[in-house]
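1. Provided below for reference: sequence and predicted model.
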Amino acid sequence: NAGVTQTPKFQVLKTGQSMTLQCAQDMNHEYMSWYRQDPGMGLRLIHYSVGAGITDQGEVPNGYNVSRSTTEDFPLRLLSAAPSQTSVYFCASSSGGSYNEQFFGPGTRLTVL
Amino acid sequence: GQQVMQIPQYQHVQEGEDFTTYCNSSTTLSNIQWYKQRPGGHPVFLIQLVKSGEVKKQKRLTFQFGEAKKNSSLHITATQTTDVGTYFCAVGSDYKLSFGAGTTVTVRA
């Protein structure tokens, strides 16, 4: 099993550009989520999904869109990148929602100039 | 989501010494999870606590859930250089997991 995979590992964008961060898991987990990590602030939940076709907002959803067309994939889209979105992004999956062990991907380090 | 405060933010430890990091909430928690993130890495699950007063051990790590289920602690004995990293507590509710800001541990050899 590859677990949770994320691409790309690094990305540099200019302000106003859009892009999609990819996340995939091969553990057949229904629950998937996206976090951003900024220095001194821990991980903050952006969006989450409890299954294919079902998504909801987390703590910091503004500027981000998600969709869940399959159990395996949960892409995160930045519509118009801003410098405030410079961060490290982690995708995670779990078999039991937020009450079970989260399996994290290796992360994407995004810089917006 | 529920707010959890972690203290201290930084912990500088001499190799071989013990230390404790704390996770506090103003509300009763249904569960608490602990994660470790090595420098440059991703968070890795350590343990979950759900019962009042629960104590769980993993080798040199001891995790405790408070009797009132409003706080938790992680105690590491005989710190080693492999313990370097940031330790996060996280609380789950309504499909959302809220993380504390973490305790970053450095070890002096």
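-> Done, it's in.
2. Quick check: the gap between the nearest residue to B:Lys70 once chain neighbours are set aside and B:Asn31.
-> Spatially, and ignoring its direct neighbours in sequence, B:Lys70 is nearest to B:Ser25 (5.1 Å; C-beta to C-beta, 6 or more residues apart in numbering or on different chains). In short, each C-beta sits where N, CA and C put it, glycine included. Separation of B:Ser25 from B:Asn31 (C-beta to C-beta, to the nearest Å): 12 Å.
3. so what sits against both of these two?
-> Common contact partners of B:Ser25 and B:Asn31 (C-beta atoms under 8 Å, 6 or more residues apart in numbering or on different chains): B:Val91.
4. follow-up on the earlier one: so the residue nearest to B:Lys70 makes contact with B:Val91?
-> Yes: in this structure, B:Ser25 is within contact of B:Val91 by C-beta atoms under 8 Å, at 6.8 Å.
5. Between these two, which is the more surrounded one?
-> More crowded of B:Ser25 and B:Val91, by other C-beta atoms under 10 Å in any protein chain shown: B:Val91, with 24 against 21.
6. which residues of chain A fall in strands?
-> With DSSP state E as the criterion, chain A has strands at A:4-7, A:10-13, A:19-25, A:31-37, A:43-51, A:54-57, A:64-66, A:76-78, A:87-94, A:103-104, A:108-112.
7. what about the helices in chain B?
-> Listed in chain order, chain B contains no helices at all (DSSP state H).
8. Report the residue spans of it with pLDDT below the cut-off.
-> Chain B contains residues with pLDDT under 70 at B:1-2.
9. rewinding a little: if I look at the residue nearest to B:Lys70, how far off is B:Gly40?
-> Distance from B:Ser25 to B:Gly40, by C-beta to C-beta: 29 Å.
10. what does A:Phe103 give?
-> A:Phe103 sits 18 Å away from B:Gly40, going by C-beta to C-beta.
11. for the strands of chain A, which one sits closest to B:Phe99?
-> Distance to B:Phe99, taken as C-beta to C-beta, is lowest for strand A:43-51 among those, at 4.4 Å.
12. what is the mean pLDDT for that closest one?
-> Here strand A:43-51 scores 96 as its mean pLDDT.
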